[in-house]
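# Below: sequence and its predicted model.
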Amino acid sequence: MKRLLIILQDLGGGGAEKMMVRLASALTDAGNDVTLLMLSGAGVNSAHIDPRVKQVELRRPRSSRAVPALARFLRHNHFDAQLAALTHVNVVAIAAAALSGTLARLHVSERNAFSHDRHVNPALTVRIAYLLAPLLYRLIPNPVICVSRGVAQDLVDTTITRPQDVTIADNPVLDNDFRDKAPGRPSHRWLLEKSTPVIVAVGRLARQKGFDVLLDAFARLPDRSTRLIIFGEGALRTELFEQAIALDVGDRFDLPGYTRDPMAQVAAADCFVLSSRFEGSPNALVEAMSTGTPVVSTHCPHGPQEILDNGAIAPLVPVDDPDALAQAITRQLALPHDANRQARIDAAGRFISARAAKTYLDALAGQSS
């Protein structure tokens, strides 16, 4: 048994937080003693934490001020390996590990396309973290764990990070027995009593997710009875509603907010769409594929190309092209619902928790001595 620590900002509703909660459970299943440490506090994903996983909250609202407290914690609690997730948390963890003398046991992970993600948050401390991170990644003893080949290559191509400074590990998106589980009951009324085709998307209401382009594509569909539901929270809620009204699709569009069971919603839908401008390894796409529901994705950097085998599993369309997206959705809705279903499920199977846990354990075991 190894004592493992996972370091996060909080347990909010993001994909990285969800995956780290799942990874903590998978690592525990593999016989390890796992602790989840949050620099600030809990969040919606705390409801999914395995009761066997220990929890620590430093309660520092600003991550930059968490370095002394984290250093003390690392110094007084011996872990065989420490894993941080997200760029600004990585920088904090590196500083704290250096101060506590535990840098040889620290691993950091990048969850998104660095060259794109660095421009999302304009906060000064976050911008400084993105400037420092590539330099630190060259100096730390263990390689950066990236969630896809594309994320790793982007980090090498657009920063001073070298190929030997990165390694790859898949996200633990699915339960090991996902094939044997019946989907849950959807919560949305349009999915409970379907009288017309329904398209579903899931994600933060942020520019990265390209929901403005999805709405534009939705307005171009020839079947004017089709409905669109986007599950998620974010700053663009009002803007997306206003866009839907301007496109005259407001009565067929809904933003019901965060859903605790996105796979239940997607399983009941006629098509799932990933309209992102960039990703790392889109978990929502994998979850959608695992239900067998038809999917359409943008060919965004990075992840969908790897997950969908260059378009062999499902259509890939150019980013920011509503015409192409509308045409791909129309073609998917015209096909029998079960067309290529097994191929989607089989491709999703790569992301089961046990496989991901083994990959992470291999990466953590290869740490600098």
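Ah, there it is. Residues are numbered from 1 along each chain as shown.

# drop to CA atoms for contacts and neighbour counts, all remaining ones
Noted.

# how many neighbours does the residue nearest to residue 218 when sequence neighbours are not counted have?
Spatial nearest neighbour of residue 218, excluding adjacent residues (C-alpha to C-alpha, 6 or more residues apart in numbering): residue 326 at 6.3 Å. A count of nearby residues for residue 326, using other C-alpha atoms under 10 Å, gives 23.

# next one: the one 3 residues further on
Around residue 329 sit 24 other residues, with neighbours defined as other C-alpha under 10 Å.

# cool, and residue 150?
Around residue 150 there are 22 residues (other C-alpha under 10 Å).

# Could you do residue 39 as well?
28.

# Could you verify that it is part of a helix?
No. Assessed by DSSP: H, G, I helix; E, B strand; the rest coil, residue 39 does not belong to a helix; its assignment is strand.

# what's it in contact with, if anything?
Taking C-alpha atoms under 8 Å, 6 or more residues apart in numbering, we find residue 39 in contact with 7, 8, 9, 10, 57, 58, 59, 60, 61, 63, 66, 70.

# The first one against residue 83, yeah?
Yes. Counting by C-alpha atoms under 8 Å, residue 7 touches residue 83, with 6.0 Å between them.

# right, and the helix or strand after the strand or helix carrying residue 75?
Assigned by DSSP states H and E, residue 75 belongs to helix 67-76. Per DSSP H and E, the first helix or strand lying C-terminal to helix 67-76 is strand 81-85.

# Please spell out which residues along that following strand are buried.
For strand 81-85, burial by neighbour count (16 or more other C-alpha atoms under 10 Å) applies to 81, 82, 83, 84, 85.

# swap in stretch 120-140?
126, 129, 130, 133, 134, 136, 137, 138, 140.

# so what's the last one closest to, chain neighbours aside?
Spelled out, it's residue 140. Nearest residue to residue 140, sequence neighbours excluded (C-alpha to C-alpha, 6+ apart): residue 103, at 7.2 Å.

# List the residues that contact the one you found.
With C-alpha under 8 Å, 6+ apart, residue 103 has these contacts: 94, 97, 140, 141.

# Among these, name the ones in helices.
Using DSSP state H, the subset of the contacts of residue 103 located in helices is 94, 97.

# Dump the contacts of residue 103 into CSV; add pLDDT and distance to residue 14 as well.
As requested, the contacts of residue 103 are exported to CSV (pLDDT from 0 to 100; distance: C-alpha to C-alpha, whole Å):
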residue, pLDDT, distance to residue 14
94, 98, 22
97, 98, 25
140, 97, 27
141, 97, 28
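
# And the strands in the stretch 151-300 of the chain?
For the stretch 151-300 of the chain, the strands defined by DSSP state E, counting those that start in this stretch cover 166-168, 198-202, 227-231, 253-257, 271-274, 295-298.

# Let me see the domain layout of this structure.
Domains of the chain are assigned by automatic domain parsing as 3-172+352-365, 178-349.

# Can you tell me how far the nearest residue to residue 106 once chain neighbours are set aside is from residue 58?
Spatial nearest neighbour of residue 106, chain neighbours left out: residue 82 (4.7 Å); criterion: C-alpha to C-alpha, 6+ apart. From residue 82 across to residue 58, the span is 16 Å (C-alpha to C-alpha, to the nearest Å).

# Report the buried residues of stretch 310-326.
With burial defined by 16+ other C-alpha under 10 Å, the residues of stretch 310-326 counted as buried are 311, 313-317, 319-320, 322-326.

# Can you list the neighbours in contact with it?
Around stretch 310-326, the neighbours that count as contacts under C-alpha under 8 Å, 6+ apart are 210, 213-214, 216-218, 220-221, 275-277, 294-300, 304-305, 308, 328, 340, 343-344, 347.

# Nothing else from me, thank you.
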